[in-house]
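Undergrad: let's see this in three dimensions:
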Amino acid sequence: MENCDLEIIKRHMGEDKTLETLYHEHLDYEKMLEKFNNKNYLTPSEELERKNIQKLKLLGRDKIEAILRKYRKG
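TA: Residues are numbered from 1 along each chain as shown. Predicted structure coming up:
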C-alpha cells in the first residue's frame, strides 16, 4: 500500500470500524502469504490455499480502495 493510503487508513481507523477490520485482515493475509512464499515447495493443497488467500486479500484490497476513495473526495 502506498504511504498516502496508509496515512488515510490510520487517520480514519478509529472512526471507521469496517476500514479497521479490512486493514487488519489485509495484514493477516500478507503474513499468511509470506509463510507460503518462504517455502521452497508447496503441496497441491498448500498451493490452493495460497491462491485462495491471494483472492481474499485482493477482494479486501478492493473494498479498502472503495472506502479510501470516499475519504479522498471528502
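
Undergrad: what's the nearest residue to the most centrally placed residue in the chain if we skip its chain neighbours?
TA: Centrality entry for the chain: nearest residue to the mean C-alpha point is residue 26, 2.3 Å, by CA atoms, centre = their mean. Using CB to CB, 6 or more residues apart in numbering and skipping the chain neighbours, the partner closest in space to residue 26 is residue 60 (5.2 Å). Using the backbone N, CA and C atoms, a C-beta is placed for each residue, glycine as well.

Undergrad: can you pull the contacts of that neighbour?
TA: Neighbouring residues of residue 60 by CB atoms under 8 Å, 6 or more residues apart in numbering: 22, 25, 26, 29.

Undergrad: in the helix or strand it falls within, what's buried?
TA: Per DSSP states H and E: residue 60 is located in helix 44-73. Neighbour counts over helix 44-73 (16 or more other CB atoms under 10 Å) mark 50, 53, 57, 60, 61, 63, 64, 67, 68 as buried.
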